[in-house]
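Enquirer: Take a look and give me a structure for this.
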Amino acid sequence: MSCHRTFPVIASVFSILLAAGSARADLIVNGGFETGDFTGWEIWMAPLGSMFGLSNDANLAHTGNYSFYFAGLGGEPDAIYQIVPTVAGQQYRLTFWLNYDSTFGERFRVSWEGTTVLELTPVEMTNGWKEYTLQLTATASGSELRFAGNDFRSYIRLDDVSLVEVAAVPSPASAALGVIGAGFVLLRRRR
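Expert: Numbers count the residues shown, from 1 in each chain. Take a look at the predicted model:
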């Protein structure tokens, strides 16, 4: 095989390997609530006026048939949470979708390892589903992700929760050096 054919093949293989290495598994169990129950989630009920649940209506879901709703009547929010299998020091990308159709939003909060990472007080009217994305870093092995909310006038809907590991992406310079190095190895083998 000539050098002119070998180098593009190596570059293509290297690119495919880089892309394949960036695919990551979702760490959230039942993030779209499509089991029709709270599989994977723990519930914390507000001591007074607790009101939450699952909507089984594709018109009320971002995708699929189910979404979770917060509608607590008291001053404290209801919450759902999971302990996700994380690695200390690793970064993660959290994405989720909210739908809120009232102008009187009380509160919605996202906590990571006991620290509030997003607080919406009041919750802004979304006029449909709105995606939120947060970058998070684990400080422990096994991290609690918690969503809490309440609104006695309407429903705050949550759907399609996803948490994936953020891959360490090589810089363009180091990727180029890898391709060049592979090319030199092949050239040397040819001689």
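Enquirer: quick one: Asn59 and Gly128, what's the gap?
Expert: Relative to Gly128, Asn59 is positioned 12 Å away (C-beta to C-beta, to the nearest Å). Bear in mind the C-beta positions are built from the backbone N, C-alpha and C, glycine included.
Enquirer: Do a quick rundown of the helices in this protein.
Expert: Using DSSP state H, the helices of the chain run over 3-21, 172-190.
Enquirer: Check these for me: which has the lowest mean pLDDT.
Expert: Set side by side, the helices of the chain give their lowest mean pLDDT on helix 3-21, at a mean of 49.
Enquirer: then stretch 152-168 to PDB, C-alphas only?
Expert: What follows is stretch 152-168 as a C-alpha-only set of coordinates in PDB (Å, rounded to 0.1, in the frame of the first residue of the first chain):
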ATOM      1  CA  PHE A 152     -50.100  25.600  44.300                       C
ATOM      2  CA  ARG A 153     -51.500  27.300  41.200                       C
ATOM      3  CA  SER A 154     -50.300  25.100  38.400                       C
ATOM      4  CA  TYR A 155     -47.900  22.200  37.600                       C
ATOM      5  CA  ILE A 156     -44.200  22.300  37.000                       C
ATOM      6  CA  ARG A 157     -43.400  19.300  34.700                       C
ATOM      7  CA  LEU A 158     -40.100  17.500  34.500                       C
ATOM      8  CA  ASP A 159     -39.100  15.000  31.700                       C
ATOM      9  CA  ASP A 160     -36.100  13.400  30.000                       C
ATOM     10  CA  VAL A 161     -33.500  13.700  32.700                       C
ATOM     11  CA  SER A 162     -30.100  12.600  31.600                       C
ATOM     12  CA  LEU A 163     -26.700  12.500  33.200                       C
ATOM     13  CA  VAL A 164     -23.600  11.500  31.200                       C
ATOM     14  CA  GLU A 165     -19.900  11.500  31.800                       C
ATOM     15  CA  VAL A 166     -18.100  14.300  30.000                       C
ATOM     16  CA  ALA A 167     -15.300  12.700  28.000                       C
ATOM     17  CA  ALA A 168     -11.800  14.100  28.100                       C
END
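Enquirer: So what's the gap between that stretch and the chain middle?
Expert: Centroid displacement of stretch 152-168 relative to its chain, using C-alpha atoms, centre = their mean, to the nearest Å, is 7 Å.
Enquirer: Tell me the span between the first and last residue of stretch 144-155.
Expert: Stretch 144-155 stretches 24 Å from its first residue to its last (C-alpha to C-alpha, to the nearest Å).
Enquirer: Ok, stretch 134-152 next?
Expert: Criterion C-alpha to C-alpha; first-to-last residue distance in stretch 134-152 is 27 Å.
Enquirer: likewise stretch 42-50?
Expert: Stretch 42-50 end-to-end distance (C-alpha to C-alpha) = 15 Å.
Enquirer: Report the buried residues of that stretch.
Expert: The neighbour-count check on stretch 42-50 (16 or more other C-beta atoms under 10 Å) flags Ala46, Ser50 as buried.
Enquirer: Stretch 114-131 too?
Expert: Those would be Leu120, Val123, Thr126, Trp129, for stretch 114-131 by 16+ other C-beta under 10 Å.
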